[in-house]
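Student: can't give you the sequence, but here's the structure:
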Ligand SMILES: *Cc1c(COP(=O)(O)O)cnc(C)c1O
């Protein structure tokens with residue numbers, strides 16, 4: 001098990017390095033977020049032992065249950081929220097996560113700002129864009145990025161980038177290119193895009209943060 005985790009991490013890192021080389025980018029400019037949703041602490045520990053420090057979760061409650069103990073074992077761990085966030089969980093999220101990748105509406109911006117003021121803690125935030133305009137997915141419309149970004153900054157959020165999950169089962173590259181264009185226009189330095197099936201294309205199109213679950217942990221149960 002632990003040898004598996006180490007080998008998978010090495011494979012993903014090698015593929016990242018190769019994609020960076022082709023794209024003429026420095027490997028240090030692309031961060032690997034290990035998406036540990038649904039994985040037990042015992043499955044996560046080997047990855048920590050192999051050197052991985054940045055993890056991502058999609059549910060506040062699950063992260064609250066798993067991460068305090070794992071953080072206590074190893075210093076320097078970062079946990080990012082990559083799933084949809086309800087406004088009534090904003091305070092828990094601000095208390096728990098170093099980064100929140102799913103800011104997508106004014107009501108949530110307001111709730112996060114209030115939580116920040118109360119807790120004196122400001123996670124780095126990404127505006128999530130519903131890049132394929134899919135009704136079932138979180139994220140704001142591309143045309144709303146400038147307004148929401150201005151509102152988030154005015155509210156005091158530390159906005160660092162854009163995040164998207166392109167439609168499944170289609171070529172992701174055009175969506176990555178569109179997200180990169182939106183981030184450029186908005187003057188945001190970071191791009192959270194690319195998952196197990198498409199992270200190399202994401203790196204070639206400018207991803208600074210890739211979110212990898214299956215390729216590191218195997219299929220989720
Ligand atoms: C689950 C998830 C991932 C990881 O997906 P894999 O295909 O397992 O790499 C990335 N981003 C988000 C938002 C997710 O929910």
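Tutor: Here it is on my side, so go on. Remember, it's a predicted structure, so these values are computed and weren't measured experimentally.
Student: need phi/psi at the closest residue to residue 89 other than its chain neighbours.
Tutor: Excluding its sequence neighbours, the residue lying closest to residue 89 (Cβ to Cβ, 6 or more residues apart in numbering) is residue 60, at 4.6 Å. Any C-beta I mention is one placed from the backbone N, CA and C, and that applies to glycine too. Here the main-chain torsion angles of residue 60 (degrees, to the nearest 10) amount to phi -60, psi -50.
Student: and residue 129, by the same measure?
Tutor: According to degrees, to the nearest 10, the main-chain angles of residue 129 amount to phi -110, psi 130.
Student: where's the residue nearest to residue 89 relative to residue 159, distance?
Tutor: As defined by Cβ to Cβ, to the nearest Å, residue 60 lies at a distance of 20 Å from residue 159.
Student: helix/strand/coil for residue 137?
Tutor: Residue 137 carries the three-state label coil when classified by DSSP: H, G, I helix; E, B strand; the rest coil.
Student: who's in contact with the residue in the chain positioned nearest to the ligand?
Tutor: Taking Cβ to the nearest ligand atom as the measure, the point where the chain comes nearest the ligand is residue 213, at 2.8 Å. Contacts for residue 213 (Cβ atoms under 8 Å, 6 or more residues apart in numbering) come out as 34, 35, 36, 37, 195, 196, 220.
Student: neighbour count and distance to the ligand added to those residues, as TSV?
Tutor: Putting these into TSV (neighbours: other Cβ atoms under 10 Å; distance: Cβ to the nearest ligand atom, whole Å) gives the following:
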residue	neighbour count	distance to the ligand
34	24	9
35	24	4
36	27	10
37	17	6
195	19	4
196	16	3
220	11	7
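Student: contact partners for the closest residue to residue 206 other than its chain neighbours?
Tutor: Once its chain neighbours are removed from consideration, residue 206 has its nearest residue in residue 180; the separation is 4.4 Å (Cβ to Cβ, 6+ apart). With contacts defined as Cβ under 8 Å, 6+ apart, the neighbours of residue 180 are 191, 205, 206.
Student: next secondary structure after the helix or strand hosting residue 183?
Tutor: Secondary structure here is read from DSSP states H and E; on that basis residue 183 sits in helix 173-186. For helix 173-186, the following helix or strand on the C-terminal side (DSSP H and E) is strand 190-192.
Student: centre of the chain to that next one, how far?
Tutor: Centroid displacement of strand 190-192 relative to its chain, using Cα atoms, centre = their mean, to the nearest Å, is 8 Å.
Student: and it, what other elements does it pack with?
Tutor: Based on contacts counted as 3 or more Cβ pairs under 8 Å, 6 or more residues apart in numbering; DSSP states H and E, the elements that strand 190-192 packs against are strand 158-163, helix 173-186, strand 209-212.
Student: tell me the contacts of residue 188?
Tutor: Counting by Cβ under 8 Å, 6+ apart, residue 188 touches 127, 149, 159, 160, 161, 162.
Student: show me what contacts residue 81?
Tutor: Shown in contact with residue 81 (Cβ under 8 Å, 6+ apart): 56, 57, 58, 60, 63, 93, 96, 97, 99, 100, 101, 102.
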